[in-house]
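J.: only geometry, no sequence info:
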């Protein structure tokens with residue numbers, strides 16, 4: 001089967017990480033998520049914790065942020081391309097859809113859900129503090145949106161950037177993974193026949 005990358009962009013709390021792993025498991029291909037941070041840390045000589053806290057965070061120190069964010073993005077881009085070169089896989093987040101779109105065939109997926117459902121999920125599944133959860137979810141989405149816009153002339157939530165946009169609150173984790181798997185297999189129907 002032809003080498004295709006499934007990229008999953010997602011709103012915070014929509015379950016993208018879990019769905020990415022389900023899709024990869026169903027297709028028997030690797031899923032890259034947290035491992036991208038670890039490998040980026042190795043290449044950039046920064047700690048994984050520092051990368052995770054700063055890759056999508058812009059503070060009041062604009063020059064430091066731009067320099068550090070660009071350094072992290074460059075290292076992550078190299079890691080993402082290395083992952084894609086190995087063969088078909090699922091890559092969760094980190095602008096992989098834009099990083100790979102000119103070099104690899106991609107199924108670009110965007111996952112979203114109702115705001116309240118995402119807040120509940122962040123509390124129950126991620127163990128976040130329920131007192132400030134609404135602010136945390138909004139902040140996380142703003143960080144992802146700014147990070148995306150910083151390196152790509154496109155809007156993160158614009159459906160035209162993706163091949164498939166799915167409401168995980170409507171379909172649930174398992175069904176969403178099955179839909180993505182079906183779309184991937186449809187892309188390769190001629191090869192399978």
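T.: Cool, got the structure. Every value quoted in this text rests on a predicted model; they were computed, and no experiment measured them.
J.: Please spell out which residues along the helix ranked longest in the chain are buried.
T.: As assigned by DSSP state H, the longest helix anywhere in the chain is helix 62-86. By neighbour count on 16 or more other CB atoms under 10 Å, the buried set for helix 62-86 is 68-69, 71-73, 75-77, 79-80, 83-84. For every residue, glycine as well, the C-beta is placed using N, CA and C.
J.: That one: how far from the chain's middle?
T.: 14 Å (CA atoms, centre = their mean, to the nearest Å).
J.: What is the helix or strand following that helix packed up against?
T.: Once the chain leaves helix 62-86, the next helix or strand it forms, by DSSP states H and E, is strand 89-92. Packing partners of strand 89-92 (3 or more CB pairs under 8 Å, 6 or more residues apart in numbering; DSSP states H and E): strand 5-10, helix 16-27, strand 31-32, helix 62-86.
J.: Quick one: residues in contact with strand 89-92.
T.: With contact meaning CB atoms under 8 Å, 6 or more residues apart in numbering, strand 89-92 is reached by 5-8, 10, 16-17, 20-21, 23-24, 27, 29-33, 36, 80, 83-84, 100.
J.: Next, the contact list for residue 183, please.
T.: Residue 183 neighbours (CB under 8 Å, 6+ apart): 107, 109, 163-164.
J.: Around residue 142, how many other residues sit close by?
T.: 14 (other CB atoms under 10 Å).
J.: what angle sits between the helix or strand hosting it and helix 62-86?
T.: According to DSSP H and E, residue 142 maps onto helix 133-151. Taking axes from the mean of the first three to the mean of the last three CA atoms, to 10 degrees, helix 133-151 and helix 62-86 form an angle of 80 degrees between their directions.
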